[in-house]
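Q: have a look at this prediction, sequence included:
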Amino acid sequence: MSASKPQESGKVRIEPSLNKNEAEFIDGRRKSVLESLKKLQIDCSKDEVPNIALLGSGGGERAMVALLGSLVQLQKTGLLDCILYLSGVSGSTWCMASVYQEPDWSTKLETVKDKIIKRLKDGPKISWKEAFAKLKKYYYEKDHFSLTDIWAVMVITSFVKEIDEHTLTEQWSQHSKDGKVPFPIYTVIDKKCKHHNIGDPWFEITPHEAGYSLTGAFVDASNFGSKFHKGSKKNQQDEFDMLYLQDAWTSIIKCMNQWTWGRNHNFLHNVKGEAVPSTLQETETRDYEDAGLLLNSPYFSVLRKERTIDLIISLDFSEGDPFLTVKEAAKTCKELNIPFPEVNIPQGHSEVPMDFYVFTGQNTPTVIHIPLFNMVNCGGKLKSYNVLNETEISTVFRFKCVHVSSDKIEAWRKKYTTFQGPYNAEMITDLVEVAGKNIINNKDSLLEEIRAAVRQKGSRR
């Protein structure tokens, strides 16, 4: 079966393996990664090519624009072509949805960036007539109309300045032949599983499948939202468009968390089998919401055992504690017996972080964590910390940098909050630049960690 088309199936798939189309694409992408590594003068065999995942956290328009700026610099440094998976939460998915509109976007990213930024800066607002027509379409064509539909049309469009009616499978058909772009994974969570701490809350949507990441229960992406019974499709609903999905992936005001959001048919209703938690089989519908309400970074999509990730590059655009996502990921992985490195943050770094952290462990993926606003790109000068031990880091940090950088970092944080109106042109330009600095300033460190991942993979053969 060609990877250019989604797997046509009206059945639920419950098995611990990759979708065959994803596996086929990844095999081709790894060949492209190998060529890219050679261009970067990293010698390795086909079997030593590391599986690298790039994560974009949530954060509304801040995350959308910052991920865009980061991708541009990754492309300019040649590092983007080393990425196997690109996974996002909330605002990062807005960026992903935009760049994946363009065929082979990684080969012309500067042009794609300019087009997106022009739309954000100068694009006309969606008119009330267009908004009403879209809401009417959602109301009459969808089996379940919820606040997600209203929020998508009335709020998300004010940020992204478009009504994107492409479907995910349509969008992907432009990219799936030659492996020139990373494989995208969009994430949400199951509301009931999250609130009651039962079952599997981690839900992913890829160009081929949608389903529960850790349980291993999936349905074709084109059938997500259709009605199923005992594992077989009963009624077909049109595939969700990207506007609706961008809202399903996106943060909502928590005071509204008790309302009905993201309600859809439960494709696991009355499915039998020990592999599926009983709580996922009981109800005819499930409610899906922004993954950022549980963990504001999509770690558990790439930590699926069958994706065998060697190196995770986490771009953290969160508000508040810049290490919360990686600390929570480590804590949850420990509870679930998922391999993940220990995460120890030096004292004081939560208030004034550096721009590059590496966490390693025995038989775990290596995790690189890059906070958006930090002492380097927000005005600090320290770049020799990579050769300092922890005591020396703390000393330099405390006496030379904290007083200068803390005010500047806080100014950037206050300028770009999650729940504020769409950014103006100057804010977008500045944010693209400051996010890009995190890549430019750490190109050598990123290359060294990729080399280390190659060596580690070679030593396990």
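A: Good, I have the coordinates.
Q: and the strands in the stretch 51-200 of the chain, which stretches?
A: Secondary structure of the stretch 51-200 of the chain (DSSP state E, counting those that start in this stretch): strands at 52-56, 85-88, 183-190.
Q: who does the second one pair up with?
A: Strand pairing for strand 85-88, using DSSP bridges, gives strand 52-56 (parallel), strand 183-190 (parallel).
Q: circling back: adding mean pLDDT as columns, could you present the strands of the stretch 51-200 of the chain in a markdown table?
A: Below are those laid out as a markdown table (pLDDT from 0 to 100):
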| stretch | mean pLDDT |
| --- | --- |
| strand 52-56 | 98 |
| strand 85-88 | 97 |
| strand 183-190 | 93 |
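Q: which stretch among these comes nearest I117?
A: Closest to I117 of the strands of the stretch 51-200 of the chain is strand 52-56 (CB to CB; 17.0 Å). Glycine gets a C-beta too; all of them are placed from N, C-alpha and C.
Q: now what about the closest one, what contacts it?
A: The contact list for strand 52-56 (CB atoms under 8 Å, 6 or more residues apart in numbering) reads 33, 63, 67, 70, 74, 82-89, 92-93, 95-96, 182, 297-299, 302, 307, 309-315, 317, 450, 453.
Q: quick one: which of those residues sit in helices?
A: In this view, the contacts of strand 52-56 that belong to helices under DSSP state H are 33, 63, 67, 70, 74, 92-93, 95-96, 299, 302, 450, 453.
Q: ok, back up a step: tabulate the strands of the stretch 51-200 of the chain (CSV), appending mean neighbour count and distance to G379.
A: Formatted as CSV, the strands of the stretch 51-200 of the chain follow (neighbours: other CB atoms under 10 Å; distance: least, CB to CB, whole Å):
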stretch, mean neighbour count, distance to G379
strand 52-56, 27, 24
strand 85-88, 26, 28
strand 183-190, 25, 33
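Q: with distance to V219 added, can I get those strands in CSV?
A: Converted to CSV, these look like this (distance: least, CB to CB, whole Å):
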stretch, distance to V219
strand 52-56, 23
strand 85-88, 19
strand 183-190, 14
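Q: among these, which is nearest G78?
A: Taking CB to CB, strand 52-56 is the member of these nearest to G78, at 13.1 Å.
Q: ok, back up a step: which of the ones in helices among the contacts of strand 52-56 has the most neighbours?
A: S92 (35 neighbours; other CB atoms under 10 Å).
Q: got the contact list for that residue?
A: G56, S57, G58, G59, A63, M64, L67, L315, F317.
Q: thought the last one was touching L68?
A: No: with contacts counted by CB atoms under 8 Å, F317 stays clear of L68, the gap being 11.0 Å.
Q: give me the common contacts of the two.
A: Contact with both F317 and L68 is made by residues A435, according to CB under 8 Å, 6+ apart.
Q: would you check how far apart G69 and F419 are?
A: Distance check for G69 against F419: by CB to CB, to the nearest Å, it reads 21 Å.
Q: which residue of the two possesses the greater neighbour count?
A: Higher neighbour count among G69 and F419: G69, with 27 against 8, using other CB under 10 Å.
Q: that one and L431 touch, don't they?
A: Yes: counting by CB under 8 Å, L431 is a contact partner of G69 at 6.6 Å.
Q: nearest to N424 among the contacts of S92?
A: Among these, M64 lies closest to N424 (CB to CB), at 14.7 Å.
Q: residue contacts, that closest one?
A: Per CB under 8 Å, 6+ apart, neighbours of M64: G91, S92, W94, C95, S98, F159, V160.
Q: closest one to E410 out of those, please.
A: Of all the contacts of M64, E410 sits closest to G91, with 20.7 Å by CB to CB.
Q: returning to that earlier point: just put the ones in helices among the contacts of strand 52-56 in a markdown table and tack on pLDDT.
A: Shown next, in a markdown table, are these (pLDDT from 0 to 100):
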| residue | pLDDT |
| --- | --- |
| V33 | 97 |
| A63 | 95 |
| L67 | 98 |
| S70 | 98 |
| L74 | 98 |
| S92 | 94 |
| T93 | 92 |
| C95 | 94 |
| M96 | 94 |
| Y299 | 97 |
| V302 | 97 |
| I450 | 97 |
| A453 | 96 |
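Q: so what's the nearest residue to L74 once chain neighbours are set aside up against?
A: With sequence-adjacent residues excluded and distances taken as CB to CB, 6 or more residues apart in numbering, L74 is closest to L80, at 4.0 Å. L80 makes contacts with L71, L74, S106, L109, P182, as judged by CB under 8 Å, 6+ apart.
Q: before we move on, back to that, of all the strands of the stretch 51-200 of the chain, which lies closest to V352?
A: strand 52-56 (22.7 Å).
Q: export only the CA atoms of that closest one, formatted as PDB.
A: The C-alpha trace of strand 52-56 is given here as PDB (Å, rounded to 0.1, in the frame of the first residue of the first chain):
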ATOM      1  CA  ILE A  52      15.200  12.200  16.800                       C
ATOM      2  CA  ALA A  53      11.900  13.800  17.900                       C
ATOM      3  CA  LEU A  54      11.300  17.500  18.100                       C
ATOM      4  CA  LEU A  55       8.700  18.700  20.600                       C
ATOM      5  CA  GLY A  56       6.800  22.000  20.600                       C
END
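Q: restricted to buried residues, select the contacts of L80 in ChimeraX.
A: Buried subset of those, written as a ChimeraX selection, criterion 16 or more other CB atoms under 10 Å:
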select :71,74,106,109,182
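Q: now, which of the contacts of L80 sits nearest Q281?
A: Nearest member of the contacts of L80 to Q281, counting by CB to CB, is P182, at 33.5 Å.
Q: partners of the residue lying closest to that closest one once chain neighbours are set aside in the sheet?
A: Computed as CB to CB, 6+ apart, the closest residue to P182 that is not its neighbour in sequence is L86, at 4.0 Å. Beta-bridge pairing of L86 under DSSP bridges involves L54, P184.
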